[in-house]
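1. got a sequence here, can you model it:
(one chain, ligands or ions: 1)
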Amino acid sequence: MTFAIEDSLKKLQVDYVDLLLIHWPSTSDDVTYKAVEFLEELRHKEYCKFIGASNFNVTLLKKSLTLAPLVCNQIEYHPYLAQHKMLEFLQENQLFLTAYCPLAQGAILQDPLIKDIARSHDRQANQIVLRWFLQQESVAVIPKASKETHRISNFDVWNFELHPDEISAISELDKQKRLIDPTWSVDWAK
Ligand SMILES: NC(=O)c1ccc[n+]([C@@H]2O[C@H](COP(=O)([O-])OP(=O)(O)OC[C@H]3O[C@@H](n4cnc5c(N)ncnc54)[C@H](OP(=O)(O)O)[C@@H]3O)[C@@H](O)[C@H]2O)c1
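-> Down below sits the predicted model:
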């Protein structure tokens with residue numbers, strides 16, 4: 001039997017990947033848990049160093065952690081979509097929250113508060129948002145940028161800090177605006 005990951009490793013021309021995720025849980029919890037166990041099998045076979053979840057809710061994660069040592073949950077997270085419950089759970093269990101759509105697909109860069117804070121630091125709006133993530137415990141962030149100038153700017157976030165009041169003000173922008181919510185999504189609140 002060959003596994004899909006073997007094809008992926010061949011295409012990537014590597015022997016293993018650092019992190020392998022389940023992109024979405026199944027609509028059947030049993031299938032999701034089988035997939036988690038299977039990922040753990042692949043880790044034992046050294047196809048990957050670490051395994052994680054994506055788009056899991058807390059209920060699914062709790063049970064999954066009894067089956068395998070997941071290291072992260074990759075979910076939508078940005079100032080317009082707070083993730084208090086999930087973040088608290090991940091921090092308590094020493095997992096990472098990996099924030100996807102961290103720039104709210106660009107929308108957050110037009111926010112007046114973000115622009116104001118950027119002006120006061122003589123920085124760009126994307127850098128303010130990325131600092132907001134990086135100054136939170138157990139949070140990793142994966143902005144996507146096809147333009148090289150954007151990628152360079154996104155990496156240049158290490159030599160300044162936001163004040164705790166600025167972090168709080170940005171957190172107050174939450175309006176539970178979810179951009180990625182297909183019909184097969186889990187119940188995010190559970
Ligand atoms: N696990 C999942 O189910 C899931 C779901 C959705 C997304 N994701 C992943 O999350 C990552 C990011 O998500 P996303 O692409 O939807 O949203 P995003 O990172 O929030 O936003 C991407 C947009 O922001 C722009 N941008 C990036 N850096 C910028 C900068 N410095 N200045 C101005 N604009 C900038 C990009 O423009 P340019 O491209 O023009 O540079 C692009 O239009 C992707 O790698 C994606 O694969 C995962």
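
2. A53 - that's part of a strand, no?
-> Yes - A53: assigned to a strand according to DSSP: H, G, I helix; E, B strand; the rest coil.

3. quick one: contacts for the residue most central in space within the chain?
-> The residue lying closest to the centre of the chain (C-alpha atoms, centre = their mean) is T98, at 2.2 Å. Counting by C-beta atoms under 8 Å, 6 or more residues apart in numbering, T98 makes contact with G52, S54, C72, N73, Q74, I75, V139, A140, V141, I142. Placement of C-beta: from N, CA and C, glycine included.

4. residues in contact with the third one?
-> Spelled out, that is C72. The neighbours of C72, taking C-beta under 8 Å, 6+ apart as the test, are L19, L21, F50, G52, A53, L90, L95, F96, L97, T98, A140.

5. what about the second one, distance to S146?
-> Read that as L21. In this view, L21 and S146 are 22 Å apart by C-beta to C-beta, to the nearest Å.

6. got it, and the last one?
-> Relative to S146, A140 is positioned 21 Å away (C-beta to C-beta).

7. ok, back up a step: the more surrounded of L21 and S146?
-> Using other C-beta atoms under 10 Å as the criterion, L21 and S146 rank with L21 on top: 21 against 6.

8. for this protein, which segments count as helices?
-> 4-12, 29-44, 58-67, 84-92, 112-121, 125-134, 148-155, 164-171 (DSSP state H).

9. end to end, how far does stretch 100-108 reach?
-> End-to-end distance for stretch 100-108, by C-alpha to C-alpha, to the nearest Å: 13 Å.

10. quick one: contacts of that stretch?
-> 54, 74-81, 109, 114, 125-126, 129-130, 133, 141-143, 173, 177, 179-180.

11. from those residues, which are also near the ligand?
-> Residues of the contacts of stretch 100-108 in contact with the ligand (C-beta under 6 Å from any ligand atom): S54, Q74, L109, N126, I142, P143, I180.

12. what subset of those is buried?
-> S54, Q74, L109, N126, P143 (16 or more other C-beta atoms under 10 Å).

13. partners of the first one in the sheet?
-> Beta-bridge pairing of S54, defined through DSSP bridges, involves Q74.

14. isn't it up against L19?
-> No - counting by C-beta atoms under 8 Å, S54 does not reach L19; the two are 10.6 Å apart.

15. circling back to that earlier point, nearest to W158, of the contacts of T98?
-> V141 (13.2 Å; C-beta to C-beta).

16. just list whatever residues bridge to that closest one.
-> Judged by DSSP bridges, the bridge partners of V141 are A99.
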